[in-house]
Structures are given as C-alpha cells and as structure tokens.
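Participant: Task: produce atomic coordinates for the following.
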Amino acid sequence: HYRTLEPVHLTFDIYNDIDERVRRIVRDHADASTTHALAWDGRDDRGKMQPDGMYRVVVQHVSLPITLDATPPEVELFLDAPYQSRKVNGETLSVDVDPRLTWSVAEPHLLDMTIEKAPIGRLDQWQTFIEPGPEERAGQGFKISRQLRLADVEGTQFRLIAEDRAGNRTEVRKASVPQL
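Facilitator: Below is the predicted model:
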C-alpha cells in the first residue's frame, strides 16, 4: 500500500535478480491524500509469468524488495484401503483392518494446512478432522501417516488444504473405497 499526498503520475518498474526490467506499471492519481494498493500478478510486460524469486520495485528513485511466489504448495494425500489381505503362498490367511491416512506438504512458506472429512457426496458437511502439529506444519515434504479407526473411514471423503503466505492454495481429496 502507498499513500499519495497530491495528484501524481507514478511509474513502478519491477526488476528481476539480474537487474532486467520485467514490468512497468503506470498509475495516475488525481486525488490528494488517498491510499492505494499496487498488485503485480507476476507477469512481465508481454504477459509471460516470471519465475518465483526476489525482485525489486523502483518508484521515484526508491527501491523496495519483493518476493514473487506464484507456486502453490505441493501436497499429497493417500488413503490406504482399510482392509488389507494377508497372503502366504498365494492363499489368503486373514484380513487386517488397518486404515491409514498419509500426507505430505512441500512449501517453504507454508501458512496453514488442515485435513477435513465429510460423508461421501456431502460437500456441505466438511469438518476439521486432523489439526497437524508444528512438525507436521513445517512444509518440508516429509510423509506423515496416521492410523485411523474404521468408523473414521467408511463412507468418508478427506481433503487436505494447504496455503502459503502469498495466498497460493492447493486442495486434494480422497474418498474411501468400500471393500469386502
């Protein structure tokens, strides 16, 4: 955000890390004492998306650093089948009940993540299911697994939502698959 104290014509030049100007944004402000916001969508003057990284905005000989982060968090969500057959020599000896939810989030600037559940087909009934702890929220891409109860899995869909500090958001869903 910035404030103008009098009518002014401003030119905002955005430079990449090798000092090439990638974008010019021109603003004319006819009103005095008003507050404005400058939003850059990460594209250059030709409309090409620029890579994530450090940039600087220059306006009236003042240079301000900015970070471009347009990449959403990388997430994975797996729901193991709740019924696992145990076979020996090709013959089923028993069936284990071992539902498990496994996830990972790779994002160095992770702001928030949550895992929710809802009955299959009821998208209006999402509820927080797992509030990951600090280690699980680190965004380092480690796989984290939690054993579930069968009642938590049957007829249920899960979703993982991850958001970074730049507002990029990723959502993945998995539904339980009835077996036996």
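Participant: Ala118 should be in a strand, yeah?
Facilitator: Yes. Ala118 sits within a strand when classified using DSSP: H, G, I helix; E, B strand; the rest coil.
Participant: Now do the contacts for it.
Facilitator: Asp124, Gln125, Trp126, Gln127, Thr156, Gln157, Arg159 (C-beta atoms under 8 Å, 6 or more residues apart in numbering). C-betas here are computed from N, CA, C, even on glycine.
Participant: wait, doesn't the third one sit right on Arg159?
Facilitator: Yes. Between Trp126 and Arg159 there is a contact under C-beta atoms under 8 Å: 6.9 Å.
Participant: any common contacting residues for these two?
Facilitator: Residues touching both Trp126 and Arg159 by C-beta under 8 Å, 6+ apart: Glu116, Lys117, Ala118.
Participant: sorry, back to before: generate a ChimeraX selection restricted to the buried subset of the contacts of Ala118.
Facilitator: Filtering the contacts of Ala118 down to the buried ones (16 or more other C-beta atoms under 10 Å) takes a single ChimeraX command:
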select :126,156,157,159
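Participant: can I get the contacts of Ala118 in TSV with secondary structure, distance to Phe78 and pLDDT?
Facilitator: Listed next are those as TSV, based on DSSP: H, G, I helix; E, B strand; the rest coil; distance: C-beta to C-beta, whole Å; pLDDT from 0 to 100:
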residue	secondary structure	distance to Phe78	pLDDT
Asp124	coil	25	89
Gln125	coil	22	93
Trp126	coil	19	95
Gln127	strand	20	93
Thr156	strand	14	90
Gln157	strand	14	92
Arg159	strand	13	94
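Participant: what about Asp164, distance to Asp112?
Facilitator: Distance of Asp164 to Asp112, given as C-beta to C-beta, to the nearest Å: 9 Å.
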